[in-house]
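*Asks:* this is a predicted model, with the sequence first.
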Amino acid sequence: MAKQSGRGKHHLPKYYLYISSTKVDNLLPQIPAKFVKSFETEIKVNAGMLSATVREKPAGEQAEISKKVGLLSAYLEREERIGSIALPDRYIKDVASLQYGVVAEYASDIAFFGGYVNGVKLGLIGASSSLVGSVSSSEANHAPYYYTLKFLNGLAQFDGNVSGGPPYCSYSEAVDIALRALPPVTSRVEFLARTLYSKSDVIVATPIYVALAD
């Protein structure tokens with residue numbers, strides 16, 4: 001796996017499955033110029049860092065997106081509280097075997113990565129437009145879930161700044177419905193995500209990126 005930099009050693013995934021361009025573009029201006037300059041200098045020294053692949057993107061665009069995600073990830077790991085599935089915090093960075101795809105009901109859908117990890121039910125939710133490459137869509141076949149999907153879309157878009165809880169389904173039930181809708185095939189992925197909801201056995205977060213893990 002190619003390396004990325006910041007303060008200390010980081011790793012940049014090879015194949016992205018999901019990138020939230022909105023989150024990347026919103027957060028990048030908050031990074032101090034001094035950190036950006038240091039990061040760019042280290043990129044030149046460690047050229048292998050840009051070996052990550054954004055599927056179905058031209059080579060120049062791949063490198064630019066990889067650089068942005070790598071810069072943001074390195075900065076957040078230095079400045080923010082980064083937890084894990086076992087010990088969630090404001091952000092979560094981890095590796096897990098998860099189901100993924102688009103979960104839909106009527107005119108609403110979400111990109112969803114989820115599964116059970118050491119007794120914790122995990123759901124990563126985001127905009128289907130942020131998925132990289134073609135991904136199959138699965139119907140939830142649960143009519144009231146349409147309203148829950150709309151709520152989850154708003155939750156992901158505004159990073160949790162939505163009042164109240166999901167309509168009709170609890171967070172735990174919402175993750176269960178999404179998992180049942182998707183094919184029972186898992187992929188081992190690495191992700192960095194903003195935590196939206198966390199209890200002892202349920203975590204819902206919205207990813208900055210998700211990538212296949214080595």
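*Replies:* Cool, got the structure. Numbering: from 1, shown residues only.
*Asks:* thought Gly101 was touching Leu179?
*Replies:* No - using C-beta atoms under 8 Å, Gly101 is not in contact with Leu179, being 10.5 Å away. Yep, even glycine has a C-beta here, placed from its N, CA and C like the rest.
*Asks:* compare those two and say which is more crowded by neighbours.
*Replies:* Per other C-beta atoms under 10 Å, whichever of Gly101 and Leu179 has more neighbours is Gly101, with 22 against 19.
*Asks:* show me the contacts for that one.
*Replies:* 111-112, 135-138, 182-183 (C-beta atoms under 8 Å, 6 or more residues apart in numbering).
*Asks:* could you redo the residues you listed as TSV and give each row pLDDT, secondary structure and neighbour count?
*Replies:* Output for those, formatted as TSV (pLDDT from 0 to 100; DSSP: H, G, I helix; E, B strand; the rest coil; neighbours: other C-beta atoms under 10 Å):
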residue	pLDDT	secondary structure	neighbour count
Ala111	96	strand	25
Phe112	97	strand	28
Val135	86	coil	15
Ser136	83	coil	9
Ser137	92	strand	12
Ser138	94	strand	19
Leu182	95	coil	22
Pro183	92	coil	10
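*Asks:* now these as a markdown table including distance to Asp201?
*Replies:* Shown next, in a markdown table, are these (distance: C-beta to C-beta, whole Å):
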| residue | distance to Asp201 |
| --- | --- |
| Ala111 | 23 |
| Phe112 | 18 |
| Val135 | 27 |
| Ser136 | 28 |
| Ser137 | 28 |
| Ser138 | 24 |
| Leu182 | 20 |
| Pro183 | 24 |
